[in-house]
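> Quick one, fold the following:
(one chain, ligands or ions: 1)
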Amino acid sequence: MINRRNLIKSTTITAAALFSGCRRFTNQQRALSGLSAAFEGQFRFGTSIKNNTLQGNDTNLLTLIAKEFNAITANNAMKWEGLQPKLNEFNWQIADKFVDFGQQNNMQITGHVLVWHKQIPNYVFIKDDKIISKKLLLQRMEQHISNVMERYKKVTEWDVVNEAIVGGKWLESKWYKIIGPDYVKRAFQFARNANPSATLIYNDYGITNPKKQQAILGLLSKLNNSGVRVDGVGMQSHFSLEKNFPSTDMIEQTIETFARQGYQVFITELDVDVLPRAWKYVRQPPLQQLHINEISIREAKYLDPYPNGLPEKVSKELADRYASIFNVFSRQSDNISRVTVWGTLDTESWKHDWPILGRTNYPLLFDNKGNPKQAYFSVLGEGNN
Ligand code: GLA
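Residues are numbered from 1 along each chain as shown. From the prediction side, this is the model:
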């Protein structure tokens, strides 16, 4: 991997300018800053932004984001529950801030996500205490998509559908149960009508799994054959350090497979979990509250081994894992449009609470204070920092 540090120049930004818009990045400043500069010409480098960062105007974090990244996704602000918490009552406040921030800093803005089975209020599927008809649900879907995409015309890249497939089969979500498998096609049709020139993406996790990959390819080619174009595939990319799963071969093979079929590949939610797998405790009380009989102290220590900091050895392993992942991305850069990490600071990560609540994780490129970690430098091709 090439050493990219010489490409990095620091940029002075006044934090106040981030929202006021009075001092914006010029294209050239943007192009010479942080991770996005290091991968200029390969792919855009993005991060996700949380609601409290936007609401609290966390200027330190926003300054760091503006310096390092040239693409942004909202963690939650553009999900259905955020934008339309009640039927026909839209709440644009936080999403507006998110989009303003992206525009002021000349970033690519991703709309995430129009149709998903999570973070969506129950009212969507119900009228007069009964499950609604397919016709009414399609109307509600269309209204939501057109309202949102109409308001954010300048957002030209959308995750239209998230997580429709589980294993090799349809996930039996309410969308699927009420509308049937056509719901994905209809969502893409509505999105295409709302903004014909937007880049429309199907997004999912675990796509390196061959069964899931085949099922998604099948779904997308059916859509394309019926004249409904899907431009890209979003690989969420929630990866692990444990057993280096998925392997870099699997990651590369997946990117190549989708690219060969003509899809742009987007790495949409990258992070690397450093903790042991804990699926058997999924959706149970936080680790600290699990009854002593259910989980021994030894097991608790095993599951949450680094509450006070990441040991040097593991930090190095994480850096190496990131380096090998980015080697693949660099090799595949012709096929990849964007790489987005799911959060900037470790402290922001959802991985402290998934699949078990209340652990301490270190999956991202900056520590809790905003300092670049070893992993950051290894992404830049400087493995020994
Ligand atoms: C999925 C979603 C994201 C986010 C993560 C968990 O990957 O696509 O928006 O909710 O789960 O944080």
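> does residue 326 really touch residue 376, like I thought?
No. Between residue 326 and residue 376 there is no contact under C-beta atoms under 8 Å: 10.8 Å. In short, each C-beta sits where N, CA and C put it, glycine included.
> Those two: who's more crowded?
residue 326 (23 against 20; other C-beta atoms under 10 Å).
> how about stretch 165-172: buried residues?
Across stretch 165-172, burial judged by 16 or more other C-beta atoms under 10 Å covers 165, 166, 170.
> So residue 276 versus the ligand, what's the distance?
Shown here: residue 276 relative to the ligand, a distance of 19 Å by C-beta to the nearest ligand atom, to the nearest Å.
> Contacts only, for that residue.
242, 302, 303, 305 (C-beta atoms under 8 Å, 6 or more residues apart in numbering).
> Just to be sure, it is in a strand?
No. Judged by DSSP: H, G, I helix; E, B strand; the rest coil, residue 276 forms no part of a strand; its state is coil.
> Count the neighbours of the residue in the stretch 251-385 of the chain positioned nearest to the ligand for me.
Closest contact between the stretch 251-385 of the chain and the ligand, by C-beta to the nearest ligand atom, is at residue 350 (3.5 Å). Residue 350 sits with 16 neighbouring residues when counted by other C-beta under 10 Å.
> low-confidence ranges in this protein?
Where the chain drops to pLDDT under 70, the residues are 1-33, 291-293, 383-385.
> helices and strands around the lengthiest strand in it, which ones?
Determined from DSSP state E, the single longest strand within the chain is strand 264-273. Other elements packing on strand 264-273 under the criterion 3 or more C-beta pairs under 8 Å, 6 or more residues apart in numbering; DSSP states H and E are strand 199-204, strand 232-235, strand 238-240, helix 248-260, helix 312-331, strand 336-341.
> Check which element follows it along the chain.
helix 297-303 (DSSP states H and E).
> so how far is that following helix from its chain's centroid?
In terms of C-alpha atoms, centre = their mean, to the nearest Å, the centre of helix 297-303 is set 30 Å apart from its chain centre.
> Could you list the residues in contact with that helix?
So helix 297-303 is contacted by 275, 276, 278, 281, 287, 290, 295, 356, 359 (C-beta under 8 Å, 6+ apart).
> let's go with 6 Å and repeat that
By C-beta atoms under 6 Å, 6 or more residues apart in numbering, the residues outside helix 297-303 that reach it are 276, 278, 287.
> Between the two ends of stretch 87-94, how far is it?
This stretch, stretch 87-94, spans 18 Å end to end (C-alpha to C-alpha, to the nearest Å).
> in that stretch, what's buried?
By 16+ other C-beta under 10 Å, the buried positions in stretch 87-94 come out as 92, 94.
> Number the residues from 44 up from this point.
Sure, I'll start numbering at 44, so the last one becomes stretch 130-137.
> Residues touching it, excluding its own?
Residues from elsewhere that reach stretch 130-137, judged by C-beta under 6 Å, 6+ apart: 94, 97, 120, 126, 127, 128, 166.
> Neighbours of the first one, how many?
The reference is to residue 94. 17.
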